[in-house]
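Undergrad: no FASTA, just this:
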């Protein structure tokens with residue numbers, strides 16, 4: 001694998017955390033105790049943890065220094081105003097409403113604007129976004145373009161919304177049943193694929209035509225802006241900040257999990273201009289999250305997020321971040337492991353149904369792959385397929401599956417080196433050679449929403 005060169009980290013390592021090895025027998029026992037659910041594994045028993053890039057970043061010395069300036073006043077802490085300044089300088093909206101993480105931002109937004117029977121179109125909703133819509137009795141609709149369902153299409157912006165379908169959907173449903181349109185950047189459920197500025201603008205214009213607010217799920221906005229700089233004509237000489245500012249200029253607001261592109265371990269926010277909607281969101285926030293200037297966060301966490309939002313715009317960092325993903329993806333692709341292409345910004349996605357062609361969709365090949373990867377090598381990944389997004393049609397009906405059956409290898413920011421990623425690649429290449437030994441699964445216990453977090457499974 002030596003001819004695929006790893007990118008050099010644009011940072012020095014100042015603190016380290018030990019990794020602990022486990023035996024296969026120990027991992028077998030831990031899997032059984034967890035009901036074959038990787039979410040139930042103790043983190044200290046995981047060698048390389050690629051479950052998520054959410055909240056798993058390594059913070060910088062500047063962020064840790066900021067934590068020591070935490071003002072823990074209940075209302076009006078100075079760190080809130082620092083966060084407000086950071087958000088306004090990038091996003092451009094007047095109201096900045098902190099929350100403890102992204103799903104809380106989604107909950108207070110949707111709880112303030114949705115009613116039963118409404119629909120929220122998106123390119124592709126992620127799991128918590130979908131659940132926060134559906135728990136209110138509304139419908140989450142995915143309208144990604146055709147390339148977003150083709151894992152082999154070599155298109156630069158496979159996260160784009162199908163604007164023609166969006167217009168038809170709104171006309172069919174009626175503007176009064178579509179209180180807002182969401183767009184996820186980058187498109188996590190669709191392979192971490194970016195959205196073009198052209199598509200953001202066209203989606204904004206379509207929403208404006210119908211008088212519907214347009215919101216961005218902006219948790220990976222900097223990675224999306226970097227891909228625009230690298231792939232979209234006319235933006236090569238623009239800074240990532242300038243591109244981000246243009247992206248948000250076409251929107252009416254945004255939600256964000258700071259646990260991604262704000263480089264923090266906890267935090268999020270809603271930001272918008274609509275005074276009346278902001279007031280409803282703040283009232284909703286106070287009931288469950290906290291006062292409007294802390295939103296469930298300590299002052300120190302507000303400060304870390306304020307600083308991380310500016311750090312993430314560093315182009316040396318973004319070049320390394322995306323190169324690290326491409327490095328792992330390139331190692332796997334060259335060895336014949338089926339992967340979604342082109343590689344996105346935060347993760348490599350394995351095409352699990354091609355990796356395990358002997359396991360039918362109804363036996364959850366993606367989940368089976370995550371179980372095998374931990375059992376054999378101590379690596380934790382996450383399925384984005386039939387367990388996460390499968391839906392049963394009526395009581396006792398057949399299960400409908402998403403277009404893609406994926407396993408996501410989400411790379412935490414500033415955490416793992418090239419040798420760690422090399423170990424992951426070697427493990428998957430070896431597992432691919434022995435894939436016939438992997439068995440399918442069935443669900444023995446599940447919850448009605450976000451079942452993948454707590455589901456219990458057994459091998460067939």
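TA: That came in fine, so what should we check first? Note that this is a predicted model, so its numbers are computed, not measured. Numbers count the residues shown, from 1 in each chain.
Undergrad: for the protein, longest helix please?
TA: Longest helix in the chain, counting residues (DSSP state H): helix 315-334.
Undergrad: now for that helix, which elements pack on it?
TA: Using 3 or more Cβ pairs under 8 Å, 6 or more residues apart in numbering; DSSP states H and E, the elements in contact with helix 315-334 are helix 221-231, strand 347-351, helix 418-433. Where you see a C-beta, it was placed from the backbone N, CA and C, and this is true even at glycine.
Undergrad: now do the buried residues in that helix.
TA: Of the residues in helix 315-334, 317-318, 320-322, 324-333 count as buried by neighbour count, 16 or more other Cβ atoms under 10 Å.
Undergrad: ok, of the residues you listed, which one's closest to residue 180?
TA: residue 318 (28.9 Å; Cβ to Cβ).
Undergrad: thought that closest one was touching residue 222?
TA: Yes. Under the criterion of Cβ atoms under 8 Å, residue 318 makes contact with residue 222 at 6.2 Å.
Undergrad: tell me how many other residues surround residue 353.
TA: Residue 353 has 21 neighbours, counted by other Cβ atoms under 10 Å.
Undergrad: could you list the domains of this structure?
TA: Per automatic domain parsing, the structural domains of the chain span 24-53+314-459, 61-311.
Undergrad: which one of those lies nearest to residue 4?
TA: So among these, domain 24-53+314-459 is nearest, using Cβ to Cβ, at 4.9 Å.
Undergrad: now that closest one: how far from the chain's centre is it?
TA: 14 Å (Cα atoms, centre = their mean, to the nearest Å).
Undergrad: start to end distance for it?
TA: One end of domain 24-53+314-459 sits 17 Å from the other (Cα to Cα, to the nearest Å).
Undergrad: over to stretch 427-441?
TA: Taking Cα to Cα, stretch 427-441 runs 21 Å from one end to the other.
Undergrad: ok so, going back, lowest-confidence stretch among the domains of the chain?
TA: Least confidently modelled of the domains of the chain is domain 24-53+314-459, at a mean of 92 by mean pLDDT.
Undergrad: from residue 57, how far off is the residue nearest the centre of the chain?
TA: Using Cα atoms, centre = their mean, the residue of the chain that lies closest to the mean C-alpha position is residue 188, 4.7 Å off. Separation of residue 188 from residue 57 (Cβ to Cβ, to the nearest Å): 16 Å.
Undergrad: just residue 272 next, same as before
TA: Taking Cβ to Cβ, one finds residue 272 at 26 Å from residue 57.
Undergrad: that older thread, so what's the residue count around the residue lying closest to the residue nearest to the centre of the chain once chain neighbours are set aside?
TA: Excluding the flanking residues, the one nearest residue 188 by Cβ to Cβ, 6 or more residues apart in numbering is residue 126, at 5.0 Å. Residue 126 has 24 neighbouring residues, counting by other Cβ under 10 Å.
Undergrad: need the contact list for residue 126.
TA: By Cβ atoms under 8 Å, 6 or more residues apart in numbering, the residues touching residue 126 are 184, 188-189, 217.
Undergrad: quick check: it vs residue 186, distance?
TA: 11 Å.
Undergrad: same question for residue 154.
TA: Distance, residue 154 to residue 186, using Cβ to Cβ: 17 Å.
Undergrad: so which of those two has more stuff around it?
TA: A count of neighbours by other Cβ under 10 Å puts residue 186 above the other of residue 154 and residue 186, at 30 against 9.
Undergrad: which non-adjacent residue is nearest residue 403?
TA: residue 149 (4.3 Å).
Undergrad: what's the local residue count around residue 230?
TA: Using other Cβ under 10 Å, residue 230 has 14 neighbouring residues.
Undergrad: ok now do it, which residues does it touch?
TA: Counting by Cβ under 8 Å, 6+ apart, residue 230 makes contact with residue 236.
Undergrad: how about residue 377?
TA: Counting by Cβ under 8 Å, 6+ apart, residue 377 touches 47, 423, 427, 430-431.
Undergrad: again with residue 380
TA: Per Cβ under 8 Å, 6+ apart, neighbours of residue 380: 38, 41, 46, 48-51, 370, 373-374.
Undergrad: got the buried residues for stretch 292-305?
TA: Using 16+ other Cβ under 10 Å as the test for burial, stretch 292-305 gives 292-305.
Undergrad: before we move on, what about stretch 226-239?
TA: The neighbour-count check on stretch 226-239 (16+ other Cβ under 10 Å) flags 226-229, 232, 235, 238 as buried.
Undergrad: what about residue 255, which helix or strand?
TA: Using DSSP states H and E, residue 255 sits in strand 253-257.
Undergrad: what about the most far-flung residue of the chain relative to its centre, which SS state?
TA: Taking Cα atoms, centre = their mean as the measure, the residue most remote from the mean C-alpha position of the chain is residue 25, 32.3 Å away. Here residue 25 takes the helix state, with states given by DSSP: H, G, I helix; E, B strand; the rest coil.
Undergrad: neighbours of the nearest residue to residue 20 once chain neighbours are set aside, how many?
TA: Distances taken as Cβ to Cβ, 6+ apart place residue 44 nearest to residue 20, at 6.1 Å, with adjacent residues excluded. Other residues within reach of residue 44, judged by other Cβ under 10 Å, total 10.
Undergrad: all helices for the stretch 1-150 of the chain, in order.
TA: 24-33, 61-67, 78-91, 102-113, 127-134 (DSSP state H, counting those that start in this stretch).
Undergrad: deepest of these, which one?
TA: The highest mean neighbour count among the helices of the stretch 1-150 of the chain, using mean count of other Cβ atoms under 10 Å, belongs to helix 102-113: a mean of 24.
Undergrad: what sits up against it?
TA: Residues from elsewhere that reach helix 102-113 (Cβ under 8 Å, 6+ apart): 54, 97, 99, 120, 128-129, 131-133, 136, 138, 179-180, 213, 215, 217, 219, 253, 255-260, 268-270, 277, 280-281, 283-285, 288-289, 295-296.
Undergrad: residue 365 - how many residues pack around it?
TA: For residue 365, the neighbour count with other Cβ under 10 Å is 27.
Undergrad: contacts only, for it.
TA: Per Cβ under 8 Å, 6+ apart, neighbours of residue 365: 352-353, 355-356, 359, 385-386, 405, 440.
Undergrad: all set now, cheers.
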